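Trainee: Make a model of this:
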Amino acid sequence: MDSKQVLSLLKKHHVNYQLYHHPAVFTSKQADQYLKGKDFARCKNLFLKTRNNKNYYLFMLPDKKRLDMKKAREELNCGSLTFASEDELESKLGVKSGAVSPLNLLNDKNNTVHLFVDQAAINENDQVGVHPNDNTMTVVLKWTELARFVGSFGNPFEERAL
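Mentor: Model (predicted):
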């Protein structure tokens, strides 16, 4: 699903958002160069999998926080976690590195990717910025709207302290 389709679906679901256009960005730090002064939580999105390729996870964290891999493995009760490959990112979420976002779950037709949102990110601001499957745009919306919208996709979705 391309960004035009994502934006259309947001409107169809009556999701209020602001849209910002900018040059392609590959990190939240790069995005901040173009979104200075905009009030929303900045997050990074990490696409991980178990080594046996059975489970895939999208972790959404405050941009300055590091994921504690040991804690994540313990919480998920799995032996090991590793970053998914570019090919897996494209096949599962339909995007390339730099455009990873919870809105990519629209491309996960089999609902195999589990989304975890760090509560620290939610507590940072009542709004969050995400890419609409295109890293030349940022959609800013309320966390409650994002949860409602992403929840309608059918993917497992949890908010927890990571």
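
Trainee: Would you mind writing the CA trace of the helix or strand where residue 149 lies as CSV?
Mentor: Per DSSP states H and E: residue 149 is located in helix 143-151. This file holds the C-alpha atoms of helix 143-151, laid out as CSV (Å, rounded to 0.1, in the frame of the first residue of the first chain):
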residue,chain,number,x,y,z
TRP,A,143,-1.8,8.0,20.1
THR,A,144,-5.4,7.1,20.7
GLU,A,145,-6.2,7.5,17.0
LEU,A,146,-3.1,5.5,16.0
ALA,A,147,-4.1,2.7,18.4
ARG,A,148,-7.7,2.7,17.1
PHE,A,149,-6.5,2.7,13.5
VAL,A,150,-3.7,0.1,13.8
GLY,A,151,-6.0,-2.0,16.0
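
Trainee: Verify the stated contact: residue 16 with residue 145.
Mentor: Yes. In this structure, residue 16 is within contact of residue 145 by Cβ atoms under 8 Å, at 6.5 Å. Where you see a C-beta, it was placed from the backbone N, CA and C, and this is true even at glycine.

Trainee: Wasn't residue 140 part of a helix?
Mentor: No. Remark: residue 140 does not belong to a helix; assigned using DSSP: H, G, I helix; E, B strand; the rest coil, it is strand.

Trainee: Any idea what it is bridged to?
Mentor: The partner list for residue 140 in beta bridges (DSSP bridges) reads residue 18, residue 129.
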